[in-house]
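Chemist: Any chance you can model this:
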Amino acid sequence: MERREQPKSLNKLILLFMLICWAVPMIVFFVFTTVTYHKGIIEKAEKLMADELDNIASFAAIRLENIITLCQRPSYEKTWENSWKSYARGELSETEYLQEINTSLKGKFYLDDRFNMSTYYQYGSDKAQCFSSRTGVSYKSYVEDIEPRLLDLIEADSSYTAVRVVDGRIFIVRNLYTTSDYQRYGTLVVELNKYSLFQDVPPDIRGNMVVCFGSSEDFLDFAHIADGEEADKQELLDAVLAQYDGRSDGRLDRVCSRVYNTYLYQERNDDYHIGVVLFAKRAEMYSSLYEFYTILAVMMLLFIPLFVYGAYFLHRHIQIPVDRMMAAYKRMETGEMGIEVDGGLMPNREFQYMKESFDSMSAQVKYLFEYAYDEKLARKDAQIQTLQAQINPHFLNNTLEMMNWQARMSGDMVVSKMIESLGTVLDYRMNRANVREIHLAEELRCIDAYFYIMSMRFGSRLSIEREIDENLLYIMVPPLILQPLVENAIVHGVETVKNGVIRLKVSHDDDHVYLEVRNTGREMTKEDKERIAAILEGDASQIPKKPGRHTSIGIQNVNRRIRLVYGEEYGLTITQEADLETVSRITLPYRERKEDKSLKERNEVESELKNIARLNK
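Modeler: Below you'll find the predicted structure:
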């Protein structure tokens with residue numbers, strides 16, 4: 001006989017898997033290193049960028065301060081002031097006066113590569129009298145394009161030096177006043193060479209830079225964004241310039257996209273406010289970080305075979321066997337008996353043992369179920385029939401009918417109705433011996449007949465109240481479940497007091513139907529409550545050996561029958577409330593009434609309702 005190969009031990013396989021679990025701490029190490037390194041590089045790059053922008057603004061401020069000082073010098077040297085005073089006294093003609101100013105302009109600004117253009121306005125004149133340009137810009141172009149944008153500064157009554165950008169060109173406007181009596185005599189306007197102003201900035205950085213002075217509406221566009229070649233830069237510029245306020249000092253703002261990080265650095269000076277915008281490509285700015293990511297990705301790729309093997313191991317040796325076992329369990333939950341786990345041998349010894357144990361257990365369960373099921377049903381039916389037989393006495397209906405006619409012929413209608421009620425009770429008991437369920441209306445008809453008999457017995461000592469939900473008269477209930485409760489309420493309640501009240505209440509909620517018999521009586525002791533609980537649970541030793549014994553048997557049988565028919569969660573409870581009112585409550589399952597009830601069933605319910613009404617008269 002060929003020896004069957006046994007699956008490998010799961011313990012050994014788990015040990016093997018644990019040997020490769022060093023990958024987990026390695027991954028944790030990689031993640032921790034990545035996060036820490038990433039954070040360090042980002043912080044370092046941001047600091048370098050902030051320092052670079054601060055240096056750009058500082059160097060530009062130094063050069064701009066020197067230029068402003070040069071523009072202020074004509075006022076302090078009094079050369080132009082003296083020429084103007086000579087002209088005002090008539091010592092110089094206007095031509096001679098402007099010639100001296102023009103000669104001075106060329107000497108101070110034309111030969112200096114920091115300036116592109118210079119112009120002089122005589123106070124009171126709306127046009128520039130002196131104009132010189134190093135870049136070939138015409139006087140006409142200046143008057144048409146530039147001058148309208150500078151008029152508010154030229155016409156302002158202020159000796160402060162103003163810096164303004166117009167059409168991507170930077171201008172300085174200085175109104176000139178006499179030093180002795182502060183009388184205005186002219187205005188100096190110069191255009192600066194923007195490349196000379198930012199000559200300390202490396203060309204690669206300057207080519208990604210935008211600078212604004214006092215306003216974000218016009219700026220020095222070194223990055224040539226206005227050409228529209230990169231829409232991404234234009235969107236970033238608009239976003240970052242929206243944060244330029246013309247007041248902040250030393251403030252750094254950032255706006256990012258997938259390609260660029262855009263920074264805005266703002267610095268305030270005495271005569272102007274400067275904002276420097278710098279575009280930095282993320283790939284260049286974080287190049288060391290991306291190199292690290294590349295190295296890390298290569299290392300992770302090397303670990304992929306190990307991870308694949310681990311996933312394959314878990315799938316084949318654990319996941320597949322568990323899925324096969326779970327599938328078999330679910331089939332058994334649906335009612336399939338005697339099933340086996342599909343798929344042949346398990347991949348390891350432990351799951352193979354579980355499979356064989358399950359197959360054996362499933363076969364045994366099937367055998368026990370088939371053997372015991374029919375027997376249990378038969379025993380349950382017999383038990384229900386036996387319990388019903390205990391409270392189904394047989395009387396002589398014919399004799400009672402003859403007595404009823406005799407009483408009617410004698411004109412004694414009270415006796416006739418008593419005999420008729422008794423006949424109703426006895427007929428109900430005999431004809432329901434083999435019936436499992438009846439309409440609630442029929443059960444209430446028997447109770448009303450019984451109430452009539454008891455009212456004749458106790459007279460005014462007994463008061464009967466009813467609170468019945470007529471929508472529940474159609475439901476099906478086991479027969480002979482209310483009469484034992486009513487009888488128990490009379491024997492142990494009404495008979496013990498001078499005047500008693502019995503209330504019959506039928507109600508329901510979303511899940512249950514409640515049949516309640518409430519009666520007044522004496523207070524129950526602790527021993528009484530314990531004895532009642534024991535009787536309801538089937539302890540026959542607690543049934544008293546004295547009159548009223550049959551009522552205890554009756555309530556015990558009612559509780560047992562309800563549990564056998566509907567389940568252990570339903571049945572009879574007997575409690576006493578604070579006002580000494582004893583409540584016997586039957587709980588049954590509530591089923592919604594179907595609209596397609598047969599005509600026969602509706603007629604039966606209507607007949608029972610008519611009988612109840614007749615007995616209540």
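
Chemist: In the stretch 201-350 of the chain, what residue spans correspond to helices?
Modeler: Listed in chain order, the helices of the stretch 201-350 of the chain (DSSP state H, counting those that start in this stretch) span 203-206, 231-241, 282-285, 287-314, 320-333, 349-390.

Chemist: so the helix of greatest length in the chain versus helix 287-314, what angle?
Modeler: Looking across the chain with DSSP state H, the single longest helix is helix 23-77. Relative orientation of helix 23-77 versus helix 287-314 (axes from the mean of the first three to the mean of the last three CA atoms, to 10 degrees): 160 degrees.

Chemist: can I have the next helix or strand after helix 23-77 written out in PDB, keeping just the CAs?
Modeler: Scanning the chain past helix 23-77 towards its C-terminal end, the next helix or strand to appear is helix 79-88 (assignment: DSSP states H and E). Backbone C-alpha positions of helix 79-88 (Å, rounded to 0.1, in the frame of the first residue of the first chain) are rendered in PDB as follows:
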ATOM      1  CA  THR A  79      23.300 123.900  -8.100                       C
ATOM      2  CA  TRP A  80      19.900 123.600  -9.600                       C
ATOM      3  CA  GLU A  81      18.400 125.800  -6.900                       C
ATOM      4  CA  ASN A  82      20.800 128.600  -7.700                       C
ATOM      5  CA  SER A  83      20.200 128.400 -11.400                       C
ATOM      6  CA  TRP A  84      16.400 128.600 -10.800                       C
ATOM      7  CA  LYS A  85      16.800 131.600  -8.500                       C
ATOM      8  CA  SER A  86      18.900 133.300 -11.200                       C
ATOM      9  CA  TYR A  87      16.200 132.500 -13.700                       C
ATOM     10  CA  ALA A  88      13.500 133.800 -11.300                       C
END
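
Chemist: May I see the buried residues of helix 79-88?
Modeler: In terms of neighbour count (16 or more other CB atoms under 10 Å), helix 79-88 has its buried residues at 80-81, 83-85, 87. No exception for glycine: its C-beta is placed from N, CA and C like everyone else's.

Chemist: List the contacts of that helix.
Modeler: When contacts are taken as CB atoms under 8 Å, 6 or more residues apart in numbering, the neighbours of helix 79-88 outside the stretch itself are 74-75, 92-94, 96-97, 100-101, 104, 176, 178-179, 185-186.

Chemist: do the same with stretch 104-123
Modeler: For stretch 104-123, with CB under 8 Å, 6+ apart as the criterion, the contacting residues are 63, 67, 70, 73-74, 79-80, 98, 101-102, 127-135, 137, 142, 154, 169, 176, 184-193, 196-197.

Chemist: One more: stretch 204-218?
Modeler: Identification of contacts with stretch 204-218 by CB under 8 Å, 6+ apart yields 52, 56, 60, 163-168, 170, 194-195, 198, 201, 219-223, 225, 237, 241-242, 244, 246, 272-280.

Chemist: Report the buried members of the residues you listed.
Modeler: Restricting those to buried positions leaves 52, 56, 60, 163-165, 170, 194, 198, 201, 219-223, 225, 237, 241, 244, 272-280, with burial counted as 16+ other CB under 10 Å.

Chemist: Quick check: strands, which of the contacts of helix 79-88 are part of them?
Modeler: 176, 185-186 (DSSP state E).

Chemist: Now the buried residues of helix 79-88 in TSV, please, with extra columns for pLDDT.
Modeler: Supplementary listing: the buried residues of helix 79-88 in TSV, determined by pLDDT from 0 to 100:
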residue	pLDDT
Trp80	90
Glu81	89
Ser83	90
Trp84	91
Lys85	90
Tyr87	91
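
Chemist: Going by distance to Asn348, which of those residues wins?
Modeler: In terms of CB to CB, no member of those lies closer to Asn348 than Trp80, at 102.8 Å.

Chemist: measure that closest one to Met300 for me?
Modeler: Distance check for Trp80 against Met300: by CB to CB, to the nearest Å, it reads 74 Å.

Chemist: can you check Phe369 too?
Modeler: Distance of Phe369 to Met300, given as CB to CB: 55 Å.

Chemist: and the residue of the chain most remote from its centre, what pLDDT?
Modeler: Summary for the chain: using CA atoms, centre = their mean, the residue whose C-alpha lies farthest from the chain's mean C-alpha position is Glu91, with a distance of 89.4 Å. The score at Glu91 is 91. That number is its pLDDT.

Chemist: pLDDT check: weakest of the contacts of helix 79-88?
Modeler: In terms of pLDDT, the weakest of these is Ser75, which scores 79.

Chemist: That one and Lys108, how far apart?
Modeler: Remark: distance between Ser75 and Lys108 (CB to CB) = 12 Å.

Chemist: do the same with Gln129
Modeler: Counting by CB to CB, the gap from Gln129 to Lys108 is 16 Å.

Chemist: try Thr573
Modeler: Using CB to CB, one obtains 113 Å as the distance from Thr573 to Lys108.

Chemist: Looking only at neighbour counts, state which of these two leads.
Modeler: Each of Thr573 and Lys108 had its neighbours counted (other CB atoms under 10 Å), and the higher figure belongs to Lys108 (18 against 14).

Chemist: Which residue ranges of the stretch 501-617 of the chain form strands?
Modeler: Assignment of strands within the stretch 501-617 of the chain using DSSP state E, counting those that start in this stretch yields the ranges 512-519, 571-576, 582-589.

Chemist: Show me the helices in the stretch 451-600 of the chain, by range?
Modeler: For the stretch 451-600 of the chain, applying DSSP H, counting those that start in this stretch gives helices covering 483-492, 526-536, 549-566, 599-616.

Chemist: residues contacting Lys281?
Modeler: Residues touching Lys281, when contacts are defined by CB under 8 Å, 6+ apart, comprise 259-260.

Chemist: pLDDT score for it?
Modeler: 87.

Chemist: and it, bridged to which residues?
Modeler: Going by DSSP bridges, Lys281 is paired in beta bridges with Tyr260.

Chemist: can you check Ile586 too?
Modeler: Going by DSSP bridges, Ile586 is paired in beta bridges with Leu515, Leu572.

Chemist: wait, what's in contact with it?
Modeler: Ile586 sits next to 481-482, 485, 514-516, 558, 562, 571-572 when contact means CB under 8 Å, 6+ apart.

Chemist: would you turn these into CSV with distance to Arg585?
Modeler: Converted to CSV, the contacts of Ile586 look like this (distance: CB to CB, whole Å):
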residue, distance to Arg585
Ile481, 12
Leu482, 12
Leu485, 9
Tyr514, 6
Leu515, 7
Glu516, 5
Val558, 12
Ile562, 11
Gly571, 10
Leu572, 7
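
Chemist: out of the residues you listed, who's nearest Lys233?
Modeler: With CB to CB as the yardstick, the closest approach to Lys233 among the contacts of Ile586 comes from Tyr514, at 78.6 Å.

Chemist: Surely that closest one and Leu504 touch.
Modeler: No: in this structure Tyr514 lies outside contact range of Leu504 using CB atoms under 8 Å: 11.5 Å.

Chemist: And the two? Which one has more around it.
Modeler: Neighbour totals were compared for Tyr514 and Leu504, and Leu504 leads with 22 against 16 (other CB under 10 Å).
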